[in-house]
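>>> One predicted model, sequence on top.
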Amino acid sequence: MLYDWLKALHVISVIAWMAGMLYLPRLYVYHCEATPGSKESETFKVMERRLLKAIINPAMGATWIFGVSIAWLGHHWDQPWFWVKVVLVLGMQGAHGGLARWQRDFAEDRNRHSQRFYRFINEVPTLLMIGIVILVIVKPF
């Protein structure tokens, strides 16, 4: 019963993490158009900070806590698919770190990237998520 509750909480956490990871780069795309110091730019800064601090970061932490608990209780450590999933989740963690760094850049009015860059970055979490879901559901090896 505990295992099922942990899986449910893990899925909820992943959904929240992914929602933020998919939305934040879109905010960056629009923020690129705003003039630094403008009311619009300042609004984007607040939205980006709140999304990262109140949703994405806690959801990521909960995802890790519940995920490690599931792996421990389910004895997944000896399964090859699990280790490939871990690598992809670490890639997601890296994408998360990049989004956090770019949020700080925008907060300090020193964005160095174009809208095109953020449009491309927006696809990275999606591709990682697809790989992770396939590994967990299909367990191809």
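Looks like it arrived, so ask away. Model, not experiment: these values are computed from the prediction. Residues are numbered from 1 along each chain as shown.

>>> and Asn111, what does it touch?
28, 31-32, 102, 105 (Cβ atoms under 8 Å, 6 or more residues apart in numbering). Where you see a C-beta, it was placed from the backbone N, CA and C, and this is true even at glycine.

>>> Using the three-state scheme, assign it.
Counting by DSSP: H, G, I helix; E, B strand; the rest coil, the backbone at Asn111 sits in coil.

>>> Distance of it relative to Trp102?
7 Å (Cβ to Cβ, to the nearest Å).

>>> what sits in contact with each of those two?
Common neighbours of Asn111 and Trp102 (Cβ under 8 Å, 6+ apart) are Tyr28.

>>> before we move on, the earlier item: selecting buried members of the contacts of Asn111 in ChimeraX, what would you type?
Selecting the buried subset of those in ChimeraX, with 16 or more other Cβ atoms under 10 Å as the burial test, is done by:
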select :28,31,32,102
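
>>> taking the contacts of Asn111 one by one, which sit in strands?
Among the contacts of Asn111, the subset assigned to strands under DSSP state E is empty.

>>> Among the contacts of Asn111, which lie within helices?
Counting by DSSP state H, the contacts of Asn111 place 28, 31, 102, 105 in helices.

>>> For Gly131, report the pLDDT, please.
Looking at Gly131, its pLDDT reads 98.

>>> That one: how many residues sit nearby?
Per other Cβ atoms under 10 Å, the neighbour tally for Gly131 reads 17.

>>> Once you drop chain neighbours, what's closest to it?
Leu88 (5.0 Å; Cβ to Cβ, 6 or more residues apart in numbering).

>>> and the one you found, what element?
helix 80-107 (DSSP states H and E).
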